[in-house]
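1. I'll drop the sequence and a predicted model, then ask my questions.
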Amino acid sequence: MEKTKFGAIKIDGKKVANDIKQEIAERVEVLRSENKKLPHLAIIMVGDDGASQTYVDNKVRASKSVGFHYTLLRFAETISEEKLLKHIDQINQDDDVDGLIVQLPLPEHINVVRVTDMIMPEKDVDGFTNQNFGSIVSKEQGVLPATPYGVMELLRRYEIDTTGKHCVMVGNSRIVGAPLSMMLSTEGKATVTVCHIHTKGLASFTSSADILLVAVGKPGLITADMVKEDAVVIDIGTTKIDDASRARGFRIVGDVVFDEVAAKASYITPVPGGVGPMTIASLLYNTLQAAEARH
Ligand code: GUN
């Protein structure tokens, strides 16, 4: 395992995601050799936000790389909610499609909950629907949300045991913080504290974490003085920063001040190359599972 030059072991999400993609590609090869239907992922993108475009490009590239079929549906920023819901309904009915994701964010005039909840739960490979969200707590069969699932898988593959540990989740979003805190508590058997951007005295909570997970979207939020010696630090923050030196004009930064926190932590995820690639690997995994369950 690679140590950072600052001391902590780097949790290499890029490598783990590549391992998972390799496992999925092998499974797809078996399906192909048996003349079975190959997994098919549909992606909806509304508008032309630069960061969303990059994420969608990555998802298309990843789908191709493991041998999935894919369909990319792009709509103008001005599409009505009603029309978008109709398109989702059509894909729900399309027997060839196994997984459907709607890239977020959506324009202001569209109700995101109504849209994500329109996706048939079996095809909801982002794990965004209320039914799949509820299945985390009810422990019924469901599709686990892609980013939280990716974090749990990283912890598993690095053999970081969460049982009885104090996990502090900073961020309570519907996509990451809320489901991940539940998964750490149920499946992970951890003691979980959920903080967020309005928490008073945030450092008093974070500094008692055995495992600190941060998904806020505020660069520089977590500094070394807020982290316990030898803690595991998982940075799920993604903020787009203009950067003229990059070909695409921006770069993505996390919520943790990496260098100083890496000097104190036992394990740490970098941004990029930590949790980000795991979201896509989980999405592919969920699509493969959805396809196998349906056919
Ligand atoms: N926007 C930011 N993260 C995600 C994600 O995981 N899935 C989708 N569909 N949109 C996003």
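-> Thanks, I have the structure now.

2. give me the pLDDT for whichever residue of the stretch 101-250 of the chain sits closest to the ligand.
-> The ligand sits closest to residue 104 of the stretch 101-250 of the chain, with a gap of 3.8 Å, by C-beta to the nearest ligand atom. Placement of C-beta: from N, CA and C, glycine included. Confidence at residue 104, expressed as pLDDT, is 96.

3. what sits against the nearest residue to it once chain neighbours are set aside?
-> Excluding the flanking residues, the one nearest residue 104 by C-beta to C-beta, 6 or more residues apart in numbering is residue 112, at 6.5 Å. Going by C-beta atoms under 8 Å, 6 or more residues apart in numbering, residue 112 touches 104-106.

4. for residue 112, give me phi and psi.
-> Torsion angles at residue 112 (phi, psi; degrees, to the nearest 10) stand at phi -70, psi -40.

5. got the buried residues for the strand or helix carrying residue 154?
-> Element membership of residue 154 [criterion: DSSP states H and E] is helix 146-157. Within helix 146-157, the residues that count as buried by 16 or more other C-beta atoms under 10 Å are 146-155, 157.

6. check stretch 68-84 too.
-> For stretch 68-84, by 16+ other C-beta under 10 Å, it's 68-71, 73, 79, 81, 84.

7. repeat for stretch 21-41
-> In stretch 21-41, counting by 16+ other C-beta under 10 Å, buried: 21, 24, 27-28, 31, 38-41.

8. and that stretch, average pLDDT?
-> 98.

9. residues making contact with it?
-> Contacts of stretch 21-41 (C-beta under 8 Å, 6+ apart): 59, 62-63, 65-71, 96-101, 125, 281, 283-285, 287-288, 290-291, 295.

10. can you flag the buried ones in these?
-> Here, 16+ other C-beta under 10 Å leaves 59, 62-63, 66-71, 97-101, 125, 281, 283-285, 287-288, 290-291 buried among the contacts of stretch 21-41.

11. quick one, helices of the chain?
-> Here the chain has its helices, by DSSP state H, at 13-33, 50-66, 81-93, 112-116, 130-138, 146-157, 177-186, 202-206, 258-262, 275-294.

12. angle of the first one against helix 275-294?
-> Between the direction of helix 13-33 and that of helix 275-294, the angle (axes from the mean of the first three to the mean of the last three C-alpha atoms, to 10 degrees) works out to 20 degrees.

13. ok, helix 13-33 near the ligand or not?
-> No - judged by C-beta under 6 Å from any ligand atom, helix 13-33 stays clear of the ligand, getting no closer than 13.5 Å.

14. what about that helix, distance to the chain center?
-> Distance of helix 13-33 from the chain centroid (C-alpha atoms, centre = their mean, to the nearest Å) equals 18 Å.
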